[in-house]
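Undergrad: Need coordinates for the following:
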Amino acid sequence: MSADPEAREEGGATMSEVPRPVSRPLSAVLAEADAKLRRGDSAAGRVWATGFRPLDAYLSGGLRSGELTLVGGPQGFGKTTFVLQVLRNVVERGGHGLYLSYEHDHHTVLERLIALEAGLILGAAAVTQRRIREALEALDGRDGTLAQRLADSPAGPEAVAKVESYADRLFFHRANSTQTDVAAVRDQMHQVAEASGDVPFVVVDYLQKVAVPGGSDREEERVTVVVEGLKDLSLDAKVPIVAIVAAERSGLVVGKRLRVHDLRGSTALAYEPDVILLLNDKYDVVARHHLVYDLGNADRFRSWAVLTIEKNRSGLDRIDLEFRKLFDQSRFDTDGQTVSEQLVDERVFLQ
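TA: This is a model prediction of the structure:
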């Protein structure tokens, strides 16, 4: 298992060693819990911190083993940036991660992670994601390795070195919407577990593209199969699974706040997951009077994303947090806070 104490399961079992489910008397469960507690071990599921401080506080430490988390938001608003940053935080602490992408190639993810690390090292003065892309595509008129091409870029070589420090623990799979189904996700988890000795923290980007061979033509029925399958998989593997979910067109209207019922597909999206996190642009969802009486707020609000804990089976929900967007560095500022302004579900959009 991983060296990450937050992600270890007692006994160090990998996925291939997890026994098939059997019925057990509650007395056996209680005896097992007492035995672990006498050894000073946790008798409950483990917790993987997201690294977003106020979010972890409201989630009582982070995401839990056996739980399915959905992340929704408008198109192009940072869902992938958010989940990649969470995944990075898991592996940086010593855990293992698996990112299955139906939309992005490996080099795009590498580019984003290097930009993220550079931003963490040097802040706003760090090398931009655009410059990193030029180096990766060998369009910068330079020679040598990626670190050598970024030698005179602020925090460039240091960011490459940081990514290298956890690169062996972060696995990527370029998923296919016609072939990569829930069984394939399970297979990839097995492969990572066998290669690393650790069952990985899993990110699926995104849920509506997970294949359902021989499934219905109706998206609602396909999504039901996928979300139920991912939930079962998280329980069987005893790890968190995080899946990005797309929104309906009706939920992408400017000035309208995205809610659970705006997610594309099945009502199962509201019932099956343990945690639902929704991203919205603060400028779009803040109440009108915050703009009317202080026009300077408009530019400030555009720099922030509102992350709402819409559902939290293990604790508080309907909590609105805000995080500064640093998309030039492919990241959010993890030191967010609760939203102090009034938010609304819909309002007239102001220029």
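Undergrad: ok, Val339 - contacts?
TA: Counting by CB atoms under 8 Å, 6 or more residues apart in numbering, Val339 makes contact with Lys282, Val306, Asp320, Leu321, Glu322. C-beta coordinates here come from the backbone N, C-alpha and C atoms, glycine included.
Undergrad: Correct me if wrong, but the last one is in a strand.
TA: Meaning Glu322. Yes - using DSSP: H, G, I helix; E, B strand; the rest coil, the assignment for Glu322 is a strand.
Undergrad: Can you give me the distance of it to Ser303?
TA: Taking CB to CB, to the nearest Å as the measure, Glu322 falls 10 Å from Ser303.
Undergrad: Which one's more surrounded, the two?
TA: Glu322 (25 against 15; other CB atoms under 10 Å).
Undergrad: Any stretches of the stretch 51-200 of the chain with poor pLDDT?
TA: For the stretch 51-200 of the chain, no stretch is flagged by pLDDT under 70.
Undergrad: and the longest helix for this structure?
TA: Ordering each helix of the chain by length in residues (DSSP state H) puts helix 219-237 first.
Undergrad: In that one, which residues are buried?
TA: 222-235, 237 (16 or more other CB atoms under 10 Å).
Undergrad: swap in stretch 169-181?
TA: Residues of stretch 169-181 classed as buried: Arg169, Leu170, Phe171, Phe172, His173, Ala175, Thr180, Asp181 (neighbour count, 16+ other CB under 10 Å).
Undergrad: Nearest spatial neighbour of Arg142, chain-adjacent residues omitted?
TA: Excluding its sequence neighbours, the residue lying closest to Arg142 (CB to CB, 6 or more residues apart in numbering) is Arg149, at 4.6 Å.
Undergrad: can you give me the strands in the chain?
TA: Secondary structure of the chain (DSSP state E): strands at 47-48, 63-64, 68-72, 97-101, 170-174, 201-205, 241-245, 275-281, 304-312, 319-326, 331-332, 337-338.
Undergrad: Relative to Ile132, which of these is closest?
TA: Closest to Ile132 of the strands of the chain, according to CB to CB: strand 331-332, at 13.1 Å.
Undergrad: Mind checking the pLDDT average for the closest one?
TA: In this model, strand 331-332 carries a mean pLDDT of 96.
Undergrad: From the chain's centroid, how far away is it?
TA: Mean C-alpha position of strand 331-332 versus that of the full chain (CA atoms, centre = their mean, to the nearest Å) differs by 12 Å.
Undergrad: list the helices and strands that strand packs on?
TA: The contact analysis (3 or more CB pairs under 8 Å, 6 or more residues apart in numbering; DSSP states H and E) places strand 331-332 against helix 79-92, helix 106-122, strand 319-326.
Undergrad: and the ones you listed, which is most packed in?
TA: Highest mean neighbour count of the helices and strands packed on strand 331-332: helix 79-92, a mean of 23 (counted as mean count of other CB atoms under 10 Å).
Undergrad: Which other helices and strands does it contact?
TA: Short answer (3+ CB pairs under 8 Å, 6+ apart): helix 79-92 packs on strand 68-72, strand 97-101, helix 106-122, helix 156-166, strand 170-174, strand 201-205, strand 241-245, strand 331-332.
Undergrad: Mind doing that once more with 7 Å?
TA: On a contact count with 3 or more CB pairs under 7 Å, 6 or more residues apart in numbering; DSSP states H and E, helix 79-92 meets strand 68-72, strand 97-101, helix 106-122, strand 201-205, strand 241-245, strand 331-332.
Undergrad: picking up where we left off before, out of the helices and strands packed on strand 331-332, nearest to Val47?
TA: Comparing the helices and strands packed on strand 331-332 under CB to CB, the one sitting nearest is helix 79-92, at 11.1 Å.
Undergrad: Just want the angle from that closest one to strand 201-205.
TA: Inter-element angle recorded for helix 79-92 and strand 201-205: 160 degrees (by axes from the mean of the first three to the mean of the last three CA atoms, to 10 degrees).
Undergrad: Need the residues that contact helix 79-92.
TA: Applying CB atoms under 7 Å, 6 or more residues apart in numbering, the set of residues contacting helix 79-92 from outside is 48-51, 71, 73, 97, 99, 104, 109, 112-113, 116, 166, 169-170, 201, 203, 205, 242, 244, 279, 327, 330-332.
Undergrad: what angle do it and strand 304-312 make?
TA: Going by the same axes, to 10 degrees, helix 79-92 makes 70 degrees with strand 304-312.
Undergrad: Give me the distance from helix 79-92 to the chain's centre.
TA: Centre to centre, stretch against its chain (CA atoms, centre = their mean), the figure for helix 79-92 is 6 Å.
Undergrad: Give the buried residues for stretch 292-309.
TA: By neighbour count on 16+ other CB under 10 Å, the buried set for stretch 292-309 is Asn297, Phe301, Trp304, Ala305, Val306, Leu307, Thr308, Ile309.
Undergrad: Looks like the second one contacts Asp281 (just checking).
TA: No - Phe301 is beyond contact range of Asp281, at 8.0 Å (criterion: CB atoms under 7 Å).
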